[in-house]
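> need the 3D shape of this:
(chains A, B, C, D, E and F, ligands or ions: 5)
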Amino acid sequence: MAERVPATVTTACAAMLRRDLLLAWRQRGDLAMPVLYAVIVTVLFPFALGPDLALLQRIAGGVVLVTVLLAMLLALDAMFASDIEDGSLEQLLLAPQPPALLLGMKILAHWLTTALPLIVIAPVLAGMLHLPTAAMPALVLALLFATPLLSLLGAVLVALTAGTRRSGMLLALMLLPLCVPVVIFAAGAVAAAQQGLPWLAPIAWLAAAFILTVVLAPLACAAALRIALDS
Amino acid sequence: MAERVPATVTTACAAMLRRDLLLAWRQRGDLAMPVLYAVIVTVLFPFALGPDLALLQRIAGGVVLVTVLLAMLLALDAMFASDIEDGSLEQLLLAPQPPALLLGMKILAHWLTTALPLIVIAPVLAGMLHLPTAAMPALVLALLFATPLLSLLGAVLVALTAGTRRSGMLLALMLLPLCVPVVIFAAGAVAAAQQGLPWLAPIAWLAAAFILTVVLAPLACAAALRIALDS
Amino acid sequence: MEAMTAVCATPLLQARQLTFHRGDEPVFAPLDFVLHTGELLLIEGDNGSGKTTLLRVLAGLLHVSAGTLHWRGAPWQRDAVAGDLVFLGHQLGQKLDLSPRENLAFATGLHGQRAEPSITDALMRVGLSGYEDEPVRRLSAGQKKRAALARLPLLPATLWLLDEPYANLDRHGIALVDRLLESHLTGGGAALVSSHSTVNFHGGEPQRIRLHG
Amino acid sequence: MEAMTAVCATPLLQARQLTFHRGDEPVFAPLDFVLHTGELLLIEGDNGSGKTTLLRVLAGLLHVSAGTLHWRGAPWQRDAVAGDLVFLGHQLGQKLDLSPRENLAFATGLHGQRAEPSITDALMRVGLSGYEDEPVRRLSAGQKKRAALARLPLLPATLWLLDEPYANLDRHGIALVDRLLESHLTGGGAALVSSHSTVNFHGGEPQRIRLHG
Amino acid sequence: MSTWIPLWMHKLASPPTFYRVAGAIRPWALALALLLGAIGLYGGLVLAPPDYQQGDAYRIIFIHVPSAWMSMFIYAVMGVAGFVALIWRLKLAEVVAMQSAPIGAAFTAITLASGSLWGKPMWGTWWTWDARLTSELVLLFLYLGVIGLYHAFEDRRQGARAASFLAIIGVINVPIVHFSVVWWNTLHQGSTVNVFGHSKMAWDMLWPLLVVTLATKFYYAASLCARARTDLLDLEGGKDWVRKIADAEARP
Amino acid sequence: MSSLHEFLSMGGYGAYVWPAYALFFAILIADSLAPGLRRRRILRELRARLARHAARTVRAAEPPSSPSSP
Ligand code: HEM
Ligand SMILES: Nc1ncnc2c1ncn2[C@@H]1O[C@H](COP(=O)(O)OP(=O)(O)OP(=O)(O)O)[C@@H](O)[C@H]1O
Ligand SMILES: Nc1ncnc2c1ncn2[C@@H]1O[C@H](COP(=O)(O)OP(=O)(O)OP(=O)(O)O)[C@@H](O)[C@H]1O
Ligand SMILES: [Mg+2]
Ligand SMILES: [Mg+2]
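Numbers count the residues shown, from 1 in each chain, chains lettered A, B, ... in the order given. Ligands and ions are numbered 1, 2, ... in the order given. Alright, predicted model coming up:
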């Protein structure tokens, strides 16, 4: 049985990434959704709190961080849901490739399609809440490290819930303890920048955590998936 | 063809309500989830903003309102999703009953299972953010009228997106503009109570809107479903 | 039995030049047929020829694009038809977290219930005794189908619209559908059935429509 | 063809007293069978007798509870088997928003592709010419099934596990599955097929297992 | 399973044996818990003098601190049992890990509630976002996450393994709860009790605290026995020994 | 009598101390009652399951749905 296209790890990863990006593109309406969601949540705050400029400025960094995080959480839920439903996940596990790698590609695609647009829009949201321009670089940098961290940690948890039918909210619950430190460091950086203090230290912590996670999370993800799917 | 149990409007409504409550009970883990989500969002704010008591107290009412709203939004998405997927919704539309009434029952069941627990937990959340006890009755009353309003408006929108497969975020998007007035009135009531001013007027507006919606929304919902499903 | 089918003067369902368009193209060529109570109409056609689409049009889930459709002599109207029709499609309309019994109780609550079989009896007839209280999620593909079929004898409907009722069923299941159909027609009902396999209908030769995609 | 099946000494798949338990109860009685390349094994049984469960166990999606399973002489191991097996279940594993062509391109990216049919050819063989670039969502039930079947000739797998491949297919579709199976076995493949209808297999009498729930 | 595990452990790990042994242990553990609890609370509520700073409000300590210690202790037990469950696929370890979770969550909830009730008169607020309070809240979320994940699965053993994995990831939070008062300068007070060295607390107050702590340990043992027994009945539903019990209890 | 009243007032902190103790006991009592209730439910469901299983075996012995022998 001669193979024309042999199944190498590279082709498999490429196929995985291409498929997920293609699916995202097919439903490109959905691509804009986390962004719009974040915009609207941000807009709601002035309505709920009253148009007090100093107050809004004070909470701008924190609100944008929390909002971005929630928007990502919403999208995370859908990461494996449709794959489980239509049997694609089973097919994925039957492929002659390390599942951890394939899942890593899924996470990458997910980050590219949800977090990246959010990072791009974040300064605009922060501007709407009057965050000083000086704090913007800190905000963007913090998000650049915090969002992939959440994607990776989230993926491990999503993998754990793979065999179940009610991942959505459960996921939020499980992810919370893991995002608390991320939020603290990210918010710390933004707050420091806003007060004109040096803000690179918390970002460096985030970066270190990110590097550690990028190595460990796909492995943990594969282990979790194996536990969750083998009965 | 003698019928033993004829299909009256009452039996149909009872059957509908019973089924949805039973389903909620079967997945009672899911019942707790909106509550947990609200708790999580509330918990994230102090991390993102720092534990500044005066600040937290100032934003408590608004944050709790927005949080409850977001939690309901998340749950709203699932209101028709599974019914569409497994074909139950079609069966519902083929029943010899006014669809508006049946959908009204669905909305009621949904409100009972998601909003009611949120209303119960809201004072606790507000307490964690140091909202003064004096403002609690205003908060609970505001939620008592605001949440069914959201359920009803949300149901119409969910019904409109029923035919598309990306209801979740799209919904959030369409609902949030409708929420803005609700949030303004509810937050107004809470803020007034917090400052010791009379706060019944905004609540009365919410109540009036609620009564209007309770009559119109199920009709709109049925019409929307018919439009969405007919392709 | 044969006598019954001839008695009724106004047909239950009558289609004249009926078509359905998706975009601008008709899914199937204009159809003419007449269905009286006591009659069975088989819809045949290859994959993608429009059987499912036709049944959904007849159920009122899709709108007629051209031609006319009459129900008991009057133009088709949702309110006249609603309670008098059961539709069983590719999607079975069962809640996976409820048991067959609970699913059926919901259906009878909505549509009413005939005097004759109780829910337990109906489940026994389709061979699901012992599975009455198991969540449908835990049933096999064929058992799920049977749970959906149990609605047929329970609900007080004259017209059955069955889309591939035989799929996923074993021999006994196929015989079961034949038996259900036969007793329904004898009792004054009517049915439209789409299927790829042959129907063993003992009450005379059924009508047939062949669709060409 | 007959010669081929006899040549291979180590069997492709060998089960001894194989069972699977759900909770504490066995889903099917302990099974023994041997499958060589070039052979077809039919799994028969009524609804709920455990056919789907057995195929999922053989695919490695469920864990053997008791007994042993050997693959080419060695104990069954995921890494040895993974690329050499295709499983087609009740759920087709197709993305509804992608076209058949895109779905197949993904599958071949993951599993590799045989030298012989191109994706376009494979889709032509299953009778989906003209639907290559339509989203799967817009296909009829039988067309969806055909799109899933197109993976079979494309992927370089020795063992096919097919769960009710004939369901939802019309006459031509059924003949198509028979043809696919035949050329696979002639080419040195093997297959386990569960089905309620009869398989028209021209290359000799297949083995059969009957399951009793 | 490896040969180095002693034979009696193998025997004990067999569900029917464990069921019987746990049934025998439970009443004794419960009785001890009640007795010690009564002694300790009498000592704490009646015999111990009021605190010179806090007056009688400090008496919440006799439930707050033992519960706080139990919340961490039980999480550690759950983590270890979960680890064993994942590595050796031991059914009993899965049961112990998963049945510990609700008990631990109960103690965590008590800690949070009693701490809040104590905080109002002492700090003037029910709640602050102090490191220890927050990490204890996170502990509650971890417990709830483990319980939720466990119940999200159809297959209980699979759920137990998945939830064990989550429990193990969450173990890092336990040292954070404990050392939070050292690492961050916070409102919540630091260590006042030192079991081995010199405690900063008066003996009149200390001994009831230690006795109640012991009582909660025994309570945990009793509750775990009851829960594990029940859970084994569920898991082993198809086995003869369970059917016998079911039939025996059907008659009355 | 007054000493009991004094005891209950807890030096003015009764409103905080007693609810804490009440919660402590309430939660632990609920925790210790839960396994008993669950045990009863499990055994009841097990008996029902065994009965259902018996019903299935009867059906397998003589399938009511098929007049012809298999
Ligand atoms: C909601 C609020 C509170 C929470 C969540 C909480 C949590 C905890 C925890 C987890 C511990 C055990 C720490 C360990 O030993 O590692 C603890 C110990 C303790 N707590 Fe609290 N606490 C709260 C409020 C308070 C208040 C208001 C006071 C008194 C003013 C207090 C006094 C103590 C004392 C004296 C200890 C013993 C410390 C030791 O010796 O290690 N707590 N608390
Ligand atoms: N997820 C599940 N949980 C519990 N029991 C199940 C589950 N899936 C199937 N079963 C039960 O296991 C038995 C075998 O099911 P299986 O799906 O293997 O049958 P099958 O032979 O494929 O039937 P069919 O011809 O109807 O597809 C059935 O009695 C069914 O009720
Ligand atoms: N939602 C849809 N949108 C667009 N086209 C569709 C849709 N559903 C079906 N079609 C197309 O309409 C035609 C008829 O489909 P239909 O499902 O009615 O066929 P069918 O006769 O039921 O086939 P099968 O035997 O495979 O079930 C097919 O060509 C199909 O591709
Ligand atoms: Mg069809
Ligand atoms: Mg099957």
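> residues of chain C that sit close to chain D?
Of all the residues in chain C, those in contact range of chain D (C-beta under 8 Å from any C-beta of the partner chain) are C:45-48, C:52, C:90, C:127, C:139-143, C:145-146, C:164, C:167-173, C:196-197. In this view, the C-beta of every residue, glycine as well, is placed from N, C-alpha and C.
> please, a ChimeraX command that selects the buried ones among these?
What follows is the ChimeraX syntax selecting those of the residues of chain C next to chain D that are buried according to 16 or more other C-beta atoms under 10 Å in any protein chain shown:
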select /C:45,46,47,48,52,127,139,140,141,142,143,145,146,164,167,168,169,170,172,173,196,197
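> what number of residues lie near the residue in chain A that ligand 3 sits nearest to?
Closest residue of chain A to ligand 3, C-beta to the nearest ligand atom: A:Arg26 (14.9 Å). For A:Arg26, the tally of surrounding residues (other C-beta atoms under 10 Å in any protein chain shown) stands at 17.
> what does A:Val124 give?
Other residues within reach of A:Val124, judged by other C-beta under 10 Å, total 13.
> next one: it from A:Val140, what distance?
11 Å (C-beta to C-beta, to the nearest Å).
> what helix or strand is C:Ile209 located in?
Applying DSSP states H and E as the criterion places C:Ile209 in strand C:207-210.
> next, the buried residues of that strand.
With the criterion 16+ other C-beta under 10 Å, strand C:207-210 contains buried residues C:Ile209.
> now do the same contact list for A:Val64.
Under the criterion of C-beta atoms under 8 Å, 6 or more residues apart in numbering or on different chains, the contact partners of A:Val64 comprise A:38, A:42, A:122, A:125-126, A:129, A:131, A:139.
> can you tell me the closest non-neighbouring residue to the residue of chain A closest to ligand 3?
D:Asp97 (4.5 Å; C-beta to C-beta, 6 or more residues apart in numbering or on different chains).
> so what pLDDT did residue 155 get?
Using chain A. In the predicted model, A:Ala155 carries a pLDDT score of 82.
> please refer instead to chain E.
80.
> kindly report the same for E:Phe196.
E:Phe196 carries a pLDDT score of 51 in this model.
> now swap in E:Phe141 and tell me
pLDDT at E:Phe141 comes out at 90.
> can you pull the phi/psi pair for the nearest residue to C:Trp76 once chain neighbours are set aside?
Closest residue to C:Trp76 in three dimensions, ignoring its sequence neighbours and counting by C-beta to C-beta, 6+ apart: C:Leu69, at 4.3 Å. In terms of degrees, to the nearest 10, the main-chain angles of C:Leu69 are phi -140, psi 120.
> from what I can see C:Leu69 touches C:Leu58, true?
Yes: counting by C-beta atoms under 8 Å, C:Leu69 sits close enough to C:Leu58 to count as a contact (7.4 Å).
> which one of these two is surrounded by more residues?
C:Leu58 (24 against 18).
> assign that one to helix, strand or coil.
Look at C:Leu58: counting by DSSP: H, G, I helix; E, B strand; the rest coil, its state is helix.
> can you give me the distance of it to F:Arg44?
Plainly put, C:Leu58 is 46 Å away from F:Arg44 if you go by C-beta to C-beta.
> show me where pLDDT drops low in chain F?
Low-confidence regions of chain F, defined by pLDDT under 70, span residues F:1-2, F:56, F:58-70.
> got the residues of it near chain E?
By C-beta under 8 Å from any C-beta, the residues of chain F that approach chain E are F:7, F:10-13, F:16-17, F:19-21, F:23-24, F:27-28, F:30-32, F:34-36, F:38-39, F:42-43, F:46-47, F:49-50.
> coming back round to it: avg pLDDT for the strand holding C:Ile209?
Per-residue pLDDT values over strand C:207-210 give a mean of 85.
> same question, stretch A:34-47
Per-region confidence: stretch A:34-47 scores 83 on mean pLDDT.
> how far does it sit from its chain's centre?
Computed by C-alpha atoms, centre = their mean, to the nearest Å, the separation of stretch A:34-47 from the middle of its chain amounts to 18 Å.
> gap between the residue of chain C found nearest ligand 4 and chain B?
Nearest residue of chain C to ligand 4, counting by C-beta to the ion: C:Thr52, 3.2 Å away. Going from C:Thr52 to chain B by C-beta to the nearest C-beta, to the nearest Å gives 12 Å.
> give me phi/psi at the closest residue to that residue other than its chain neighbours?
Counting by C-beta to C-beta, 6+ apart, the nearest residue to C:Thr52 once its immediate chain neighbours are dropped is C:Asp163, at 5.5 Å. The phi and psi torsions at C:Asp163 (degrees, to the nearest 10) take the values phi -100, psi 110.
> low-scoring pLDDT stretches of the stretch 1-150 of chain E, where are they?
Under the criterion pLDDT under 70, the flagged ranges of the stretch 1-150 of chain E are E:1-8.
> just to revisit the earlier point, let's see which of the residues of chain C next to chain D end up in helices.
C:52, C:141-143, C:145-146, C:171-173 (DSSP state H).
> could the residues you listed be laid out in a markdown table, adding pLDDT and distance to E:Ala105?
A markdown table is the format used below for these (pLDDT from 0 to 100; distance: C-beta to C-beta, whole Å):
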| residue | pLDDT | distance to E:Ala105 |
| --- | --- | --- |
| C:Thr52 | 92 | 50 |
| C:Ala141 | 91 | 39 |
| C:Gly142 | 93 | 42 |
| C:Gln143 | 94 | 38 |
| C:Lys145 | 94 | 42 |
| C:Arg146 | 95 | 42 |
| C:Arg171 | 87 | 52 |
| C:His172 | 89 | 49 |
| C:Gly173 | 91 | 47 |
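> can I get the residues you listed in JSON lines including distance to ligand 1?
Output for these, formatted as JSON lines (distance: C-beta to the nearest ligand atom, whole Å):
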{"residue": "C:Thr52", "distance to ligand 1": "59"}
{"residue": "C:Ala141", "distance to ligand 1": "51"}
{"residue": "C:Gly142", "distance to ligand 1": "55"}
{"residue": "C:Gln143", "distance to ligand 1": "51"}
{"residue": "C:Lys145", "distance to ligand 1": "54"}
{"residue": "C:Arg146", "distance to ligand 1": "54"}
{"residue": "C:Arg171", "distance to ligand 1": "65"}
{"residue": "C:His172", "distance to ligand 1": "62"}
{"residue": "C:Gly173", "distance to ligand 1": "60"}
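> so what strands line up beside the helix or strand where C:Gln17 lies?
For C:Gln17, the enclosing helix or strand under DSSP H and E is strand C:13-19. Sheet partners assigned to strand C:13-19 using DSSP bridges are listed as strand C:31-35 (antiparallel), strand C:66-71 (antiparallel).
> follow-up on the earlier one: closest one of the contacts of A:Val64 to ligand 2?
Proximity of those to ligand 2 (C-beta to the nearest ligand atom) peaks at A:Ala38, which lies at 38.5 Å.
> check for me that the closest one belongs to a helix.
Yes: counting by three-state DSSP, A:Ala38 is part of a helix.
> would you mind measuring from the residue lying farthest from the centre of chain C to ligand 3?
The outermost residue of chain C, judged by C-alpha distance from the chain's mean C-alpha position using C-alpha atoms, centre = their mean, is C:Asp24 at 28.2 Å. Summarising the geometry, the distance separating C:Asp24 from ligand 3, computed by C-beta to the nearest ligand atom, to the nearest Å, is 12 Å.
> could I get the contacting residues of the residue nearest to E:Lys239 when sequence neighbours are not counted?
Spatial nearest neighbour of E:Lys239, excluding adjacent residues (C-beta to C-beta, 6+ apart): D:Asp24 at 6.0 Å. For D:Asp24, the residues meeting the contact criterion (C-beta under 8 Å, 6+ apart) are E:236-239.
> how far away from the center of its chain is the lengthiest helix in chain A?
Identified as the longest helix of chain A according to DSSP H is helix A:53-85. The chain centroid and the centroid of helix A:53-85 are separated by 9 Å under C-alpha atoms, centre = their mean.
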